[in-house]
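Participant: Provided below are the primary sequence and the corresponding predicted coordinates.
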Amino acid sequence: MQPKNPFDWMLSEALDQLTRAERLRQQFGRQEACWEPPIDVLETEHELLILVALPGVNPDNVETVIHDGVLVISGQRTLPPELRNARIHRLELPQGRFERRIALPLGRYAISRFVMDGCVALRLAKS
């Protein structure tokens, strides 16, 4: 058996601590978002199309609510369980809870969502 690389061990321990801290914060603390995903907002005569850069996030796990004329997009990105013990060489995609708020033009909207080129796309049909 090969001895563990101290750097890999320290990184693994740090990630374990962060995961435990996040679990405790979610259990006992406020659910504040820790990052905002980038978005594109496009408008046509009949709809608004919002592209949210969330690679690796299931669109069914993304919450969308319109409250007081503001679209709130929220959810969470976590490493899949099978990768939690993997050796991480680089981790650039943000993890944890996210939230994005977008002021909408006045009107009523019907929201549908789909995946488009690594983005969660929201179609807000004007009514």
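Facilitator: Alright, I've got the coordinates. Numbering: from 1, shown residues only.
Participant: quick one: residues contacting Ile50.
Facilitator: By CB atoms under 8 Å, 6 or more residues apart in numbering, the contact set of Ile50 is 39-42, 71, 73, 102, 121-122, 124. C-beta coordinates here come from the backbone N, C-alpha and C atoms, glycine included.
Participant: what's the answer for Pro55, then?
Facilitator: 93, 118-119.
Participant: and for His46?
Facilitator: With CB under 8 Å, 6+ apart, His46 has these contacts: 125-126.
Participant: domain boundaries for this protein, per the record?
Facilitator: The record's domain parsing of the chain by the TED database lists 1-31, 39-126.
Participant: part of a helix, is Asp16?
Facilitator: Yes: looking at Asp16 with DSSP: H, G, I helix; E, B strand; the rest coil, it is inside a helix.
Participant: sorry, back to before: deepest-packed of the domains of the chain, please.
Facilitator: domain 39-126 (a mean of 14; mean count of other CB atoms under 10 Å).
Participant: ends of that domain, what's the gap?
Facilitator: End-to-end distance of domain 39-126 (CA to CA, to the nearest Å): 20 Å.
Participant: please apply the same query to stretch 36-48.
Facilitator: First residue to last in stretch 36-48 (CA to CA) measures 20 Å.
Participant: same question for stretch 90-104.
Facilitator: Span of stretch 90-104 from end to end, CA to CA: 36 Å.
Participant: could you do stretch 89-106 as well?
Facilitator: End-to-end for stretch 89-106, by CA to CA: 46 Å.
Participant: ok, residues contacting that stretch?
Facilitator: Residues contacting stretch 89-106 (CB under 8 Å, 6+ apart): 22, 26, 31-37, 39, 41, 43, 48, 50, 52, 54-56, 66, 69-79, 124.
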